[in-house]
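Peer 1: Attaching a predicted model along with its sequence, questions to come.
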Amino acid sequence: MIFILSVLWPPNSPDFNPVDYTVWSVLQERVYRTKISDADELKRRIISEWTALSLTVIDSAVKEWRYVLTFVLEADILSTR
């Protein structure tokens, strides 16, 4: 497994954050299936759905993220030539 040091992360790009574009969309769909009455219920649902989230969803997001990073790295290498 490869880990990327946090100092090497881009500052504010959702393209580089698997939670922003993949995991959150799945979580959001599950949390908002029915109407939420207040902030406490929202917090409970987010926690509940996060703990119930399948590791397959997270693994898929990380796999897709690595694919995106490969293209970003290749593009950066090509742009410096």
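Peer 2: It's in. Numbering: from 1, shown residues only.
Peer 1: switch to C-alpha atoms for all contacts and neighbour counts from now on
Peer 2: Will do.
Peer 1: Give the helix, strand or coil label for Val68.
Peer 2: For Val68, the assignment made with DSSP: H, G, I helix; E, B strand; the rest coil gives helix.
Peer 1: Neighbours of it, how many?
Peer 2: Residues within reach of Val68, counting by other CA atoms under 10 Å, total 14.
Peer 1: likewise the one 4 residues further on?
Peer 2: When neighbours are counted by other CA under 10 Å, Val72 registers 14.
Peer 1: how near is it to Lys35?
Peer 2: 39 Å (CA to CA, to the nearest Å).
Peer 1: now do Val62
Peer 2: Computed as CA to CA, the Val62 to Lys35 distance reads 30 Å.
Peer 1: neighbour count winner among the two?
Peer 2: Val62 (17 against 9).
Peer 1: Summarise which helices and strands the strand or helix carrying the more buried one is packed against.
Peer 2: Assigned by DSSP states H and E, Val62 belongs to helix 55-79. Packed against helix 55-79 by the contact rule (3 or more CA pairs under 8 Å, 6 or more residues apart in numbering; DSSP states H and E) you find helix 18.
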